[in-house]
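1. based on what follows, work out the 3D shape:
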Amino acid sequence: MVNDERIKIRFVGTGSAKTNLKRFHTSFIISRDVDNILIDCGDGISRKLAELQINLNSIKNILITHTHPDHFSGIAALLVNMKMIGRESPISIFIHQDLMDFVKYFFAQSYLFFERFDFPVDFKTYNCEEKTILNDCISFQAKENSHLSKYHQLVKSKKVKSASSSFLFEIGNKKIFYSSDIGDKSDLHLFKDEFNACIIESTHIEISEIVEYLNGNSSNKYFLVHIDEEREELLKSNLLDKISKGKVFIPNDGDEYLI
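-> Numbers count the residues shown, from 1 in each chain. Below is the predicted model of the structure:
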C-alpha cells in the first residue's frame with residue numbers, strides 16, 4: 001500500500017428506500033487523491049450527482065452492494081449520461097459474482113451495448129471473504145449479510161440469485177466499515193477489525209441496537225445513513241450525547257468528511 005493520506009467521504013445520498021425530497025437514496029464516494037469509488041446507484045443518481053455538481057468523469061469505479069432498486073436501478077441511466085457527456089476514460093463496475101449474469105442481461109435489455117460507447121466499461125466480480133484489489137491505493141473485502149434472507153424461499157422458487165454484502169475498505173493504513181443494508185444487528189459484527197470510520201445503515205434495526213453497537217465499539221467516527229425520515233428525530237435524540245461529542249454524525253446529502 002502507498003503512504004497514508006487523508007481519505008474523503010462524500011455522501012451523495014443518506015436516505016432510505018422511501019423516496020423523499022430531503023434525502024436521496026444512500027450512496028457515497030470514497031476518495032483518496034484521484035482514486036475513488038462510488039458505492040451504489042439508486043434511482044435518480046444522475047440527477048443527484050448533477051445537483052451536487054459532481055463531475056461524472058471524476059467517477060473511476062462503481063461498487064454495487066446489492067440489487068434493490070434504491071441501490072442499483074440508476075446505474076443504467078448513469079452510464080448513458082457518461083456517454084452523452086463524451087466520457088473517454090474507462091470505468092470499472094464491481095458486482096458480486098452471483099449477480100454478474102443478471103447485471104449484464106439488465107444492461108442488454110436496457111439497450112446499453114458497450115461496444116457503442118466511447119469509453120471502456122470493465123465489469124469485475126467480487127467474492128465474499130476474498131480481498132478485491134481496486135488499485136494500489138484501495139482494496140475491499142465483502143462479507144455476506146442477512147439483509148436478503150427473508151427472500152430465500154421466493155428466490156429459490158423463482159430460480160434467481162441474490163447477494164447482499166457488507167464491506168471493509170482499506171485505503172493506505174486506514175479501514176472503513178460499511179454495513180450496507182443489513183438483516184439484523186449481528187451483521188454489524190461481520191468484521192472484527194478496529195476501524196477508523198464506520199458507515200452504518202439505520203433503518204433495518206432498532207435504534208436501541210444502534211446505541212448498543214456504538215457503546216460497544218471504539219471507532220474514531222460513526223456515520224449513520226439509510227435514514228428513514230419518520231424516525232430521524234428519534235434517532236438524533238437517542239444519540240444526542242454522541243453527536244455533540246463529535247463521535248457520531250448524521251450527514252446530509254452532499255456532506256464531506258475527512259478520515
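2. can you list phi and psi of Ile207 for me?
-> phi -60, psi -40 (degrees, to the nearest 10).
3. dump the residue contacts of it.
-> Counting by C-beta atoms under 8 Å, 6 or more residues apart in numbering, Ile207 makes contact with Arg231, Leu234, Leu235, Asn238. Heads up, the C-betas are built off the backbone N, CA and C, glycines and all.
4. which of those residues are buried?
-> When those are checked for burial by 16 or more other C-beta atoms under 10 Å, the buried set is Leu235, Asn238.
5. apart from its chain neighbours, what residue comes closest to Ile29?
-> Leaving out its chain neighbours, the residue that sits closest to Ile29 by C-beta to C-beta, 6 or more residues apart in numbering is Arg10, at 4.7 Å.
6. show me the helices in this structure, by range?
-> 45-51, 69-72, 75-84, 100-109, 152-158, 207-215, 232-238, 240-244 (DSSP state H).
7. what about the fourth one, distance to the chain center?
-> To tie it back to what came earlier, the one meant is helix 100-109. Centre-to-centre, helix 100-109 and its host chain are 20 Å apart (C-alpha atoms, centre = their mean, to the nearest Å).
8. return that helix as PDB; C-alpha atoms alone will do.
-> Provided in PDB are the C-alpha atoms of helix 100-109 (Å, rounded to 0.1, in the frame of the first residue of the first chain):
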ATOM      1  CA  MET A 100     -23.000 -10.700 -12.900                       C
ATOM      2  CA  ASP A 101     -25.200 -12.600 -15.400                       C
ATOM      3  CA  PHE A 102     -28.300 -10.700 -14.300                       C
ATOM      4  CA  VAL A 103     -26.500  -7.300 -14.500                       C
ATOM      5  CA  LYS A 104     -25.200  -8.000 -18.000                       C
ATOM      6  CA  TYR A 105     -28.700  -9.100 -19.100                       C
ATOM      7  CA  PHE A 106     -30.200  -6.000 -17.400                       C
ATOM      8  CA  PHE A 107     -27.900  -3.700 -19.400                       C
ATOM      9  CA  ALA A 108     -28.500  -5.600 -22.700                       C
ATOM     10  CA  GLN A 109     -32.300  -5.300 -22.100                       C
END
